[in-house]
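Q: Structure for this input, please:
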Amino acid sequence: MVIGLIVLLWFGIGLKERGTSGEVRVPFNRAPDFELGLFSGDTFHLSDELSQSRPVFVNFWASWCVPCRDEAPVLQNASQQYAGRLTIVGVDVEDTQADALAFLKEFGITYPNGDGNAGPISVTYGMRGVPESYFISTDGRVLRKWNGPLSTAILDQFVGELLAAAPPR
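A: Numbers count the residues shown, from 1 in each chain. All right, here's what the predicted structure looks like:
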């Protein structure tokens, strides 16, 4: 786990320093379905959320990730702004549960988050570093993938595209 943590930290810092944060192509068109055990004790199923005609924003993060700390308030604000129209879910990776829970408490994160260490979600999605985000339309297509921290302006743009692609409710 320590080696994985060091590699992810190195990759995330390298992205930020090289200025290569940004939109990235994904090797798949449809988002792989997944099940995530949430810290609340509930379970998140991607297919269940999409079946409710609500787009999903998946964010991979870690408590030790400096760019994730920068991004956390942006994501929490978005979860409140788009409540009922967009599902946001966080997947914590290469972390301890105690550190992850402390991070969520520190930033007042209220949207669902779970421990991605217990399953192959990050491998299935081809995650290369944190933070990394996927914007998934109601029909399961990945409309956008973003490596690095999201600003409010970029997040709002991508969420606008997701909402525009969603069928009327």
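Q: What's the local residue count around Leu150?
A: For Leu150, the count of nearby residues is 23 (other Cβ atoms under 10 Å). Just so you know, the C-beta spots here come from the backbone N, C-alpha and C atoms, and that holds for glycine as well.
Q: now Pro167
A: Counted with other Cβ under 10 Å, the neighbours of Pro167 add up to 8.
Q: Backbone dihedrals for the spatially most central residue of the chain, both of them.
A: Centroid-nearest residue in the chain: Asn59, 0.5 Å away (criterion: Cα atoms, centre = their mean). Per-residue torsions, Asn59: phi -120, psi 120 (degrees, to the nearest 10).
Q: who's in contact with it?
A: Residues in contact with Asn59, defined by Cβ atoms under 8 Å, 6 or more residues apart in numbering, are 71, 75, 88-91, 131-133.
Q: Only the buried subset of those, as a ChimeraX command please.
A: This is how ChimeraX selects the buried members of the contacts of Asn59, with burial counted by 16 or more other Cβ atoms under 10 Å:
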select :71,75,88,89,90,91,131,132,133
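Q: Redo the contacts of Asn59 as CSV? Include pLDDT.
A: Formatted as CSV, the contacts of Asn59 follow (pLDDT from 0 to 100):
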residue, pLDDT
Glu71, 98
Leu75, 98
Ile88, 98
Val89, 98
Gly90, 98
Val91, 97
Pro131, 97
Glu132, 96
Ser133, 96
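Q: Take the contacts of Asn59 and keep only those in helices.
A: Judged by DSSP state H, helices contain the following of these: 71, 75.
Q: if we can go back for a sec, for the residue nearest to the centre of the chain, list each beta-bridge partner.
A: With DSSP bridges as the criterion, Asn59 is bridged to Gly90, Ser133.
Q: Could you report the pLDDT at it?
A: According to the prediction, Asn59 has pLDDT 97.
Q: Roughly how far does it sit from Pro167?
A: Remark: distance between Asn59 and Pro167 (Cβ to Cβ, to the nearest Å) = 24 Å.
Q: Leaving aside the residues adjacent along the chain, what's closest to Ile109?
A: Spatial nearest neighbour of Ile109, chain neighbours left out: Gln76 (5.4 Å); criterion: Cβ to Cβ, 6 or more residues apart in numbering.
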